[in-house]
Each structure stands twice: as C-alpha cells, then as structure tokens.
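In: Sharing a model that was predicted from the sequence below.
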Amino acid sequence: ISGANLHRNWVVIPHVTTHDEADITDLEAFRVQMNKELEKSGVKVSMLPFMMKAAVATLKKFPEFNASLDGDALVLKNYWHIGFAADTPNGLMVPVIRDVDSKNIVEITKEMGDLAKLARDGKLKPDQMSGGTFTISSLGGIGGIYFTPIINAPEVSIMGVCKSYWKQHSSDGKTSAWRLTLPLSLSWDHRVIDGAAAARFNVHFARQIMEAQPLGKTRAHQRALVIGKRNAAVCVDEFAQLPELVEIARGGGDHHGDVLGARVRPEDLNEGPRLDQGAGLVEEDH
Ligand code: CAO
C-alpha cells in the first residue's frame with residue numbers, strides 16, 4: 001500500500017540521516033515502575049509515548065522540523081500531530097496521534113493501541129493517517145541498531161529508533177558505567193534543514209530523555225517525572241489511578257499556572273528540581 005508513496009518520497013526528497021543515542025536508563029526504570037502501578041488497569045506503557053513527548057519538546061525548540069514544504073514555501077505548524085510507523089499484515093501504515101502536546105502518556109498509550117489495532121485490521125480511515133507534522137518509526141520491539149527512515153511527505157523529518165542496549169559510557173575517560181542506550185536515526189530534508197540543525201535536534205531530543213527524572217523523593221513525587229530538567233516537556237503524574245502526565249507550557253508566567261490539567265500541589269513541585277527557576281520558561285541551547 002505504502003510502496004508508491006515511499007518511492008516518491010525517496011526519489012523527490014534529498015534525505016540525510018543523522019545518528020545519535022540517548023541514555024534511557026532512568027526513564028526505563030520509571031516506565032517499569034509506572035507499569036507496575038498500572039497493572040490492574042490493563043494499560044501497558046512502552047517507550048514510544050515518551051519518545052513522542054520528547055519529540056514535541058524538541059520540535060517546539062526547532063520549529064523548522066515541524067513543518068511542510070509547499071512549493072518553495074515552508075509552512076511551520078503550531079500543532080504537534082505525531083505519526084507512528086506500524087507494521088501490519090498489509091505493510092507499513094502510519095497512523096497519526098493528534099495534539100500530542102496536550103495528551104498524557106496514558107492517553108497516548110491507549111490511542112496508539114487503538115490505532116495500531118485498526119491498522120493491523122486494515123480499518124484505519126484516511127483521516128486517521130493524515131495531517132501528521134512529524135513521524136516516529138520505532139523498531140525497538142524488534143531489533144537493529146540504526147537505519148534510514150524515509151520521510152513521510154509533506155513532513156520534512158522523521159525519527160527512527162531501534163532497540164535499546166547496554167553500553168559502557170564514560171564522561172571523564174577514567175570511570176565508566178553501564179547505561180541503557182537508545183539508538184536514534186533522524187532523517188531530514190536537506191532542502192529545509194542543514195546538518196548542524198539536525199545534530200542539535202538529536203542532542204536536544206536525547207537530552208530531554210536523558211535528563212528525565214522523578215520530581216521528588218516521596219512516593220507521590222516519584223510518580224512525577226520531568227522530561228528535560230530546564231525545558232519544555234515536564235510530565236507530572238500525581239495520584240495513582242489515572243496518572244496525569246502533563247506538560248508545562250512554554251512561555252512566561254508562574255509555573256504552577258502553567259501546569260496544564262494537573263492537580264499538583266505547589267509543595268510537590270518545590271521539592272523537585274527548581275521548576276520555578278526555569279522549567280518551561282528558559283530557552284536553553286543544548
Ligand atoms: N528498546 C528496547 N525494547 C523496546 C523498545 C526499545 N526502543 N521499544 C519497544 N520495546 C519493547 C517493548 O517494551 C515491548 O517489550 P515487553 O513486551 O517486554 O514490554 C516489546 O518491545 C514490544 O513493543 P511493541 O513493538 O509492541 O510496542 P511499541 O509501543 O514500541 O511499538 C508499534 C508499537 C505499533 C510502533 C510497533 O508494534 C510496530 O509496528 N513497530 C514497527 C514499525 C516499523 O515497521 N517501522 C519501520 C518503518 S520503515 O519500513
């Protein structure tokens with residue numbers, strides 16, 4: 001089904017792929033803990049929804065990646081509809097989750113499950129596969145280390161992720177530690193994006209994930225996760241039943257007011273990283 005589109009995109013778009021890696025050790029521990037708490041609800045969260053949140057945070061910082069090329073005009077999108085590649089008996093399909101910025105991890109997980117099932121059953125409607133602004137193609141459940149994902153036009157970039165693996169990292173050349181490492185492969189349209197921007201995009205994306213950390217020390221705080229210590233995507237999950245993973249919006253204002261849809265007590269936030277001194281407010285050039 002997708003063969004003609006893939007061929008056209010490969011031929012028409014000058015693709016370049018930039019590879020990088022992200023340390024997901026802490027995020028994976030958080031995900032495992034979250035799934036234990038969600039066990040009874042039947043929801044099982046995979047890495048992909050976290051990747052989607054990290055993608056939105058990164059796309060907000062690099063808007064030219066969340067765009068389409070219309071003739072010679074680059075149209076920047078101020079919404080974040082993220083497609084995900086799904087492997088189906090009928091071949092590759094790309095369902096789209098709309099407004100990922102305003103959905104929490106559990107909502108994204110459920111919608112992804114529903115869309116993936118529709119895709120496998122051949123029941124996806126055209127509007128469920130259109131309007132995407134960026135795509136993630138995950139082979140993480142299968143294997144591989146790096147690959148070149150094909151851009152899903154009219155989008156101008158796509159993130160490929162492969163299976164995470166344990167790798168020894170050293171920050172000083174003297175000591176080292178085993179870290180769970182996620183390979184990233186970002187393909188980008190060279191008519192729109194240059195190599196330096198693509199490398200910065202990957203570094204920022206990886207940092208969103210790497211710096212993800214629970215907000216505080218108590219049980220309630222540990223359900224709260226910050227993605228990006230001092231930047232856009234701050235996920236907060238308060239009391240167990242229905243985790244509220246939210247994003248602190250960019251822009252000014254008191255950060256408690258910026259927590260979208262969360263029921264978070266200021267004291268919960270204050271025990272964590274100094275959100276009041278920058279989360280979601282600081283433009284940091286990682
Ligand atoms: N590293 C290690 N393990 C990973 C992982 C990663 N990056 N990503 C997922 N996994 C694990 C999951 O945790 C899960 O493990 P458990 O069963 O032990 O919990 C297992 O792999 C299966 O995950 P999944 O693939 O079912 O779930 P997902 O949310 O990661 O992906 C979907 C969902 C629909 C994207 C996937 O099923 C799929 O179709 N992938 C193929 C996409 C594809 O074809 N891309 C290529 C396009 S170019 O031709």
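Out: Received, thanks. Numbering: from 1, shown residues only.
In: Measure how buried Glu39 is and give me the count.
Out: Using other Cβ atoms under 10 Å, Glu39 is surrounded by 9 other residues. All C-beta spots, glycine's among them, are computed from the backbone N, C-alpha and C.
In: is it true that it lies in a helix?
Out: Yes. Per DSSP: H, G, I helix; E, B strand; the rest coil, Glu39 lies within a helix segment.
In: those strands in the stretch 101-250 of the chain, which residues are they?
Out: For the stretch 101-250 of the chain, strands defined by DSSP state E, counting those that start in this stretch occupy the ranges 134-138, 157-161, 165-169, 177-189, 213-214, 225-226, 234-235.
In: tilt between the fourth one and strand 165-169?
Out: Relative orientation of strand 177-189 and strand 165-169, computed by axes from the mean of the first three to the mean of the last three Cα atoms, to 10 degrees: 110 degrees.
In: what pairs with strand 177-189, and is each one parallel or antiparallel?
Out: According to DSSP bridges, strand 177-189 forms sheet pairs with strand 15-23 (antiparallel), strand 157-161 (antiparallel), strand 165-169 (antiparallel).
In: quick one, the second one and strand 134-138 angle?
Out: Think strand 157-161. Going by the same axes, to 10 degrees, strand 157-161 makes 20 degrees with strand 134-138.
In: Do I have it right that Ala85 meets Thr135?
Out: Yes. With contact defined as Cβ atoms under 8 Å, Ala85 counts as touching Thr135 (6.7 Å).
In: what touches both of those two?
Out: With contacts defined as Cβ atoms under 8 Å, 6 or more residues apart in numbering, the residues shared by Ala85 and Thr135 are 94, 149.
In: Against Gly42, how distant is whatever residue of the stretch 151-286 of the chain ends up closest to the ligand?
Out: Taking Cβ to the nearest ligand atom, the ligand has its nearest neighbour within the stretch 151-286 of the chain at Ser164, 3.6 Å off. From Ser164 across to Gly42, the span is 25 Å (Cβ to Cβ, to the nearest Å).
In: count of residues packed around Thr88?
Out: For Thr88, using other Cβ under 10 Å, the count is 19.
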